[in-house]
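Peer 1: here is a sequence with its predicted model. Questions after.
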Amino acid sequence: MTPHPPLSPVAIRRSGLVLHPDRARVLARPLHLVNRQHTAKICAQVLALPPSEVKALLQQVEAEFGERHVQILEFLRRRFDQVRPWLRPGRTLSDEQQLLLGAYVTHEYSLEAAALFNPSIVPHPDQSDLPPGSLRFILSLRATGEGHISSITFRTGYLDREGTITVNAPTRYCLEPAQIPSALFEKTLFARKLQELGLTGDFTRHVLDGVGDAFTLDELRASVRVAAARMEARDQESAAVARKTLALAQSNYEVQFAPESRLSERVLFPVTPSQRNGIEDARFVRFQNEDGTRTYYATYTAYDGKLILPQFIETPDFRHFKFITLNGPAVRNKGMALFPRKIGGRYAMLGRQDSENIYVMFSEHLHFWHTAELLLRPAFPWEFIQIGNCGSPIETEAGWLVLSHGVGPMRKYCIGAFLLDRNDPTRVIGRLREPLIQPSENEREGYVPNVVYSCGSLLHGRQVVIPYAMSDYATTFATVVVDDLLAAMVAP
């Protein structure tokens, strides 16, 4: 007997399309050994092997792993360069020895081994060569693997004029981007971020005096060393400020993928201390700039194993990405979602600062958020525990449509919706009394049971296309006619 999904206040159409996690999609990652002594010991053991055994071991590595990765030998060579400092100075190694050492400090990480969920969807920057009425899209997904570490992965697909959803099959390869070492920091902006973190004083003044109006990370490191030498009398204090100053810079970084890489191969994996346990729940939005250009932004949650920090990603093309720290007292908790354009000359964003209610924030600067205004409280039994957004607001002629989530009995997550005034998004003008989507019988089993959740939807014609996660395990889609959804709204 086919299970029937629970009733919704409007007719929703489940697509039947499901994206399951694929354990075969593996990423080559650095293997961090216990300590330097352990690394040096492994290096000595490998270098003691006779050349014939080195060659045989390397051939085995190539045979087992060469087809699983793009340019695996180049990755192993880069890994060798990272352990080279632990070798005896002046030691000459053969190319095969270098590559084999690189293999000993590398491992495979199955980024989707546990789950592929919490999707968001935006129009693709390239809409060429499509039939009339069709839309090409990019789907971002939270991939979770060993150690519950989350990263961002992507899929592409298209919607036809009837709203039929097609998702392109990904390649089996996974790639990380290269960090851009020449990326520049603006001194004025960096100084403001230091001030927001309480890192003001003689030490940071000396550091900023030692760099230009725009500077690289290496130039900042050099200035920190000079400032530390000057502040020798307060070494312990200045050392702590130095670490925090560099940590701020390292958390604001740029990366770029090779132009020949496919979008489905690109993975944004945690690299900074604040992210080390995960980049979670990215909410991508296509932002309309005042000059007519468009930029893609994503809010995400950086998790270090203890603390969560809302952060930003910026990209014009999904090849070049900037990671940006957010500052200000309103930057708290999870689930921030940026409006797709300025309102009244200011940026606007939704958040859930108190783990229960939805707030709205406004700011003159994208990186700094100081105040938040209460927007919506839980009102109905299916959302009594907490409510939050399910992605960035969607602009309609009737107002800003926001998909939401609510948590009710037995920690069941459902998807709802509400409507904000188009010119004054502090005003709620409509709300669904009943869930739009709640877990059907075949959606309630997973890593976290009884959950449906989305990080972003889009409007295609008169249909709202909603990608959503099924119990923190896999991803599926539903569509709903926007006019039906708006008609079902009641006054708050």
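Peer 2: That came in fine, so what should we check first? Numbering: from 1, shown residues only.
Peer 1: neighbours around residue 67, how many?
Peer 2: Around residue 67 there are 10 other residues, counting by other C-beta atoms under 10 Å. For every residue, glycine as well, the C-beta is placed using N, CA and C.
Peer 1: got it, and residue 48?
Peer 2: Neighbour tally, residue 48, other C-beta under 10 Å: 8.
Peer 1: ranges for the helices of the protein?
Peer 2: In the chain, the helices defined using DSSP state H lie at 36-47, 51-65, 72-83, 95-104, 187-196, 202-209, 217-230, 235-251, 482-487.
Peer 1: okay, those in TSV with mean neighbour count, mean pLDDT and distance to residue 364 next?
Peer 2: Below are these laid out as TSV (neighbours: other C-beta atoms under 10 Å; pLDDT from 0 to 100; distance: least, C-beta to C-beta, whole Å):
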stretch	mean neighbour count	mean pLDDT	distance to residue 364
helix 36-47	15	88	47
helix 51-65	14	97	50
helix 72-83	18	93	42
helix 95-104	20	96	48
helix 187-196	17	96	12
helix 202-209	18	94	22
helix 217-230	16	92	26
helix 235-251	17	86	21
helix 482-487	17	97	32
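Peer 1: dump these to JSON lines, plus distance to residue 451.
Peer 2: Formatted as JSON lines, these follow (distance: least, C-beta to C-beta, whole Å):
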{"stretch": "helix 36-47", "distance to residue 451": "41"}
{"stretch": "helix 51-65", "distance to residue 451": "36"}
{"stretch": "helix 72-83", "distance to residue 451": "36"}
{"stretch": "helix 95-104", "distance to residue 451": "40"}
{"stretch": "helix 187-196", "distance to residue 451": "34"}
{"stretch": "helix 202-209", "distance to residue 451": "44"}
{"stretch": "helix 217-230", "distance to residue 451": "39"}
{"stretch": "helix 235-251", "distance to residue 451": "30"}
{"stretch": "helix 482-487", "distance to residue 451": "21"}
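Peer 1: OK, contacts around the residue nearest to residue 163 when sequence neighbours are not counted?
Peer 2: Using C-beta to C-beta, 6 or more residues apart in numbering and skipping residues adjacent in sequence, the residue nearest residue 163 is residue 463, 4.5 Å away. Residues near residue 463 by C-beta atoms under 8 Å, 6 or more residues apart in numbering: 163, 479, 480, 481, 482.
Peer 1: switch to 10 Å and redo it
Peer 2: 13, 159, 162, 163, 479, 480, 481, 482, 483, 484, 485 (C-beta atoms under 10 Å, 6 or more residues apart in numbering).
Peer 1: doesn't residue 402 make contact with the last one?
Peer 2: Same thing as residue 485. No: here residue 485 lies out of contact with residue 402, judged by C-beta atoms under 10 Å, at a distance of 11.3 Å.
Peer 1: need the residues touching each of the two.
Peer 2: Common neighbours of residue 485 and residue 402 (C-beta under 10 Å, 6+ apart) are 417, 419.
Peer 1: before we move on, back to that, report pLDDT for the residue nearest to residue 163.
Peer 2: Residue 463 carries a pLDDT value of 97.
Peer 1: just grab the bridge partners of it for me.
Peer 2: residue 460, residue 481 (DSSP bridges).
Peer 1: the one 4 residues further on too?
Peer 2: Legend: beta-bridge partners of residue 467 under DSSP bridges are residue 477.
Peer 1: what's the spacing between it and residue 439?
Peer 2: 15 Å (C-beta to C-beta, to the nearest Å).
Peer 1: more neighbours: these two, which one.
Peer 2: More neighbours surround residue 467 than the other of residue 467 and residue 439, with 30 against 24 (other C-beta under 10 Å).
Peer 1: any idea how far residue 386 is from the more buried one?
Peer 2: Taking C-beta to C-beta, one finds residue 467 at 22 Å from residue 386.
Peer 1: what does residue 32 give?
Peer 2: Distance from residue 32 to residue 386, by C-beta to C-beta: 37 Å.
Peer 1: now swap in residue 145 and tell me
Peer 2: Distance from residue 145 to residue 386, by C-beta to C-beta: 27 Å.
Peer 1: likewise for residue 129?
Peer 2: Taken as C-beta to C-beta, the span from residue 129 to residue 386 is 44 Å.
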